[in-house]
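K.L.:
sequence? don't have it. structure:
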């Protein structure tokens, strides 16, 4: 929320004595505070039901609903509203009771106008501090969530690598066994065996499923951080060109306009070209898949402090809001199993983390998606 | 066409894998020996003539890279294909820099395996042929001294 200033304090003045109320209202208006007005508790609550109000100046002695009762209702229904009570000069106990019931303060009549204005500003200051605190809390919660997400993804990464590795070995045994069975079934002695064909079919189904599992494990392992990562100069534009070349098959059946907005002075980083290529590959193929028959992909770079920003923007189908928080999770996918493993963005996230980079995404259904990668121009550590 | 069997040595600590893989290769007409460790592999090489070694990178004790170095040191013309359950192709590439013919990622496609074994054997045959011819030339030149 933006910081609000004193000149837009929303004020409500409640008093049954019309002459007094009008006089105070006029004098407040002169000092830049234009109060709404109500003549009793009920009208006050009606107004609060319709308008947003910060501070209520409330007379205690009113016919019908008393000021204290009105105060209690206000504090219960509108936590944030601050109330200043106006009491008769003999009724100090009313003021004390009011404060116990949640009033900000009380003033005795006759009211000195500057004093009242001061009190109103003080009451508003409380509201503003409260709002600032709230904003900060929200910000901190968001930041914490992001950190938790990052940690969570990192440990998931470590675990998935371990699992993938352990699975590859038994998978290889299954593969050789199924292959051997098929080989025997295809041998000369089996020519007359009537069940031969269905057994071959079964063995082939096993082989097909092994390929599917292998696809997953190899993807998970493909981004294992290598101890001897070679850092070198990476020209993002050249690498993007190269990656599009690898995606030719996917691009061919669609009409895709690619807008190059790459600044040649903000285009080169010192990093690991193989891992960056993997990142670009995954992001570009996602962008291509997000596009219906026709569409455009915009590639742009920028420089902020010591980082290069690369934006990959498509005008495709977009990502629904409820999915946006989960797209980096492993195995989260909206595609069917033979189209995607749900590991692409997970891998991207992991690689960028290793390269001291970051990734952000904005998306709107029907308008498209924009991925923003941020990488240090010079990656000093090995990641 | 009559297939000339390749003499293959499979080295992996995963016994089930070695067993199935060798049965499969034998079924294809290859001549297969097996070893479950690097040390065992070197022992086999002492006694048998081998064309192609299929060598797992990750093994307890002497690992694939160490075994490869020894093999290439003792039997430089024996071809080695590295096998890895590990996604890190870097180790496999390191192996190739040390003289391995190629590498395969587990679980590997059998067609890939066949092609790679065939090519590895071909290279070894050609190398042996060149050596033979060189020796013949040497012999001729020597005899020409008379």
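P.N.:
In hand now; what should we look at? Keep in mind the model is a prediction, meaning the values are calculated, not measured.
K.L.:
quick one: the helices in chain A?
P.N.:
A:18-30, A:41-50, A:67-77, A:92-100, A:113-185, A:196-222, A:236-246, A:248-252, A:273-290, A:321-324, A:344-354 (DSSP state H).
K.L.:
can you put those in a markdown table and add distance to chain B, mean pLDDT and mean neighbour count?
P.N.:
C-beta here means a position set from N, CA and C on the backbone, and glycine is covered the same way. Converted to a markdown table, the helices of chain A look like this (distance: least, C-beta to the nearest C-beta, whole Å; pLDDT from 0 to 100; neighbours: other C-beta atoms under 10 Å in any protein chain shown):
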| stretch | distance to chain B | mean pLDDT | mean neighbour count |
| --- | --- | --- | --- |
| helix A:18-30 | 73 | 90 | 14 |
| helix A:41-50 | 64 | 92 | 17 |
| helix A:67-77 | 61 | 90 | 19 |
| helix A:92-100 | 69 | 81 | 15 |
| helix A:113-185 | 4 | 86 | 16 |
| helix A:196-222 | 2 | 87 | 16 |
| helix A:236-246 | 17 | 88 | 16 |
| helix A:248-252 | 20 | 78 | 11 |
| helix A:273-290 | 10 | 89 | 21 |
| helix A:321-324 | 28 | 88 | 12 |
| helix A:344-354 | 11 | 86 | 23 |
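K.L.:
okay if I get those as CSV plus distance to residue B:137?
P.N.:
Formatted as CSV, the helices of chain A follow (distance: least, C-beta to C-beta, whole Å):
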stretch, distance to residue B:137
helix A:18-30, 115
helix A:41-50, 108
helix A:67-77, 106
helix A:92-100, 113
helix A:113-185, 44
helix A:196-222, 48
helix A:236-246, 47
helix A:248-252, 50
helix A:273-290, 46
helix A:321-324, 72
helix A:344-354, 55
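K.L.:
Compute the number of surrounding residues for residue 54.
P.N.:
Picking chain A for this. By other C-beta atoms under 10 Å in any protein chain shown, 20 other residues sit near residue A:54.
K.L.:
my question was about chain B
P.N.:
Neighbours of residue B:54 using other C-beta under 10 Å come to 26.
K.L.:
Is the helix or strand hosting it in proximity to chain A?
P.N.:
Here residue B:54, judged by DSSP states H and E, is contained in strand B:52-56. No. Strand B:52-56 lies out of reach of chain A by C-beta under 8 Å from any C-beta of the partner chain, never closer than 9.2 Å.
K.L.:
Between helix A:113-185 and that strand, find me the angle.
P.N.:
Angle of strand B:52-56 versus helix A:113-185, following axes from the mean of the first three to the mean of the last three C-alpha atoms, to 10 degrees, is 150 degrees.
K.L.:
buried sites along strand B:52-56?
P.N.:
Judged by neighbour count using 16 or more other C-beta atoms under 10 Å in any protein chain shown, the buried positions of strand B:52-56 are B:52, B:53, B:54, B:55, B:56.
K.L.:
Residue B:9 contacts residue B:36, doesn't it?
P.N.:
No. Between residue B:9 and residue B:36 there is no contact under C-beta atoms under 8 Å: 11.5 Å.
K.L.:
Could you check which of those two has the larger neighbour count?
P.N.:
Using other C-beta under 10 Å, the more surrounded residue of residue B:9 and residue B:36 is residue B:9, with 24 against 16.
K.L.:
List of residues touching stretch A:193-201?
P.N.:
A:181, A:182, A:185, A:186, A:190 (C-beta atoms under 8 Å, 6 or more residues apart in numbering or on different chains).
K.L.:
closest to residue A:371 among those?
P.N.:
Residue A:371 has its nearest neighbour among the contacts of stretch A:193-201 in residue A:182, at 43.4 Å by C-beta to C-beta.
K.L.:
which non-adjacent residue is nearest the closest one?
P.N.:
Sequence neighbours aside, residue A:203 is the residue nearest to residue A:182 in space, at 4.2 Å (criterion: C-beta to C-beta, 6 or more residues apart in numbering or on different chains).
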